[in-house]
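A.B. asks: Make a model of this:
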Amino acid sequence: MTPVRYEVILATRRGVRVLTARAEREVALMAESVLRRHEGEAPGIGVTVACPDSGARRRLASYLADLMSELDRDRRGAVPIPDRRGTGP
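C.D. replies: Take a look at the predicted model:
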């Protein structure tokens with residue numbers, strides 16, 4: 001049986017980073033680390049997520065999109081918009 005591989009590709013102004021791991025959480029943490037180092041560039045970073053599990057792909061893409069929005073908000077000093085369900089900030 002082939003081990004599952006999770007891959008996140010980040011395209012920044014400085015180049016392309018290909019991150020791979022055997023666990024969804026591990027690749028998410030790796031990608032977060034890279035994105036935090038490129039904090040001021042978050043809106044201009046391209047993200048591609050690849051893995052055989054479509055649910056994991058959606059979770060990773062959503063997590064990274066949220067993180068990039070958060071980094072951009074923090075950079076601009078903006079106040080986060082409350083969650084429509086009333087569970088957010």
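
A.B. asks: give me the beta-bridge partners of Val47?
C.D. replies: When assigned by DSSP bridges, Val47 has beta-bridge partners Leu10.

A.B. asks: how much space between it and Ile9?
C.D. replies: 7 Å (Cβ to Cβ, to the nearest Å). C-betas here are computed from N, CA, C, even on glycine.

A.B. asks: same check, this time on Ala31
C.D. replies: 9 Å.

A.B. asks: which residues sit against the lengthiest helix in the chain?
C.D. replies: Longest helix in the chain, counting residues (DSSP state H): helix 54-76. Here helix 54-76 makes contact (Cβ atoms under 8 Å, 6 or more residues apart in numbering) with 6, 8, 24, 27-28, 31-32, 35-36, 39-40, 42-43, 45, 47, 49-51, 79-80.

A.B. asks: Tell me which of these fall in helices.
C.D. replies: Per DSSP H, helices hold the following members of these: Glu24, Val27, Ala28, Ala31, Glu32, Leu35, Arg36.

A.B. asks: Of the residues you listed, which is the most crowded?
C.D. replies: Greatest neighbour count in those, by other Cβ atoms under 10 Å, goes to Ala31: 25 neighbours.
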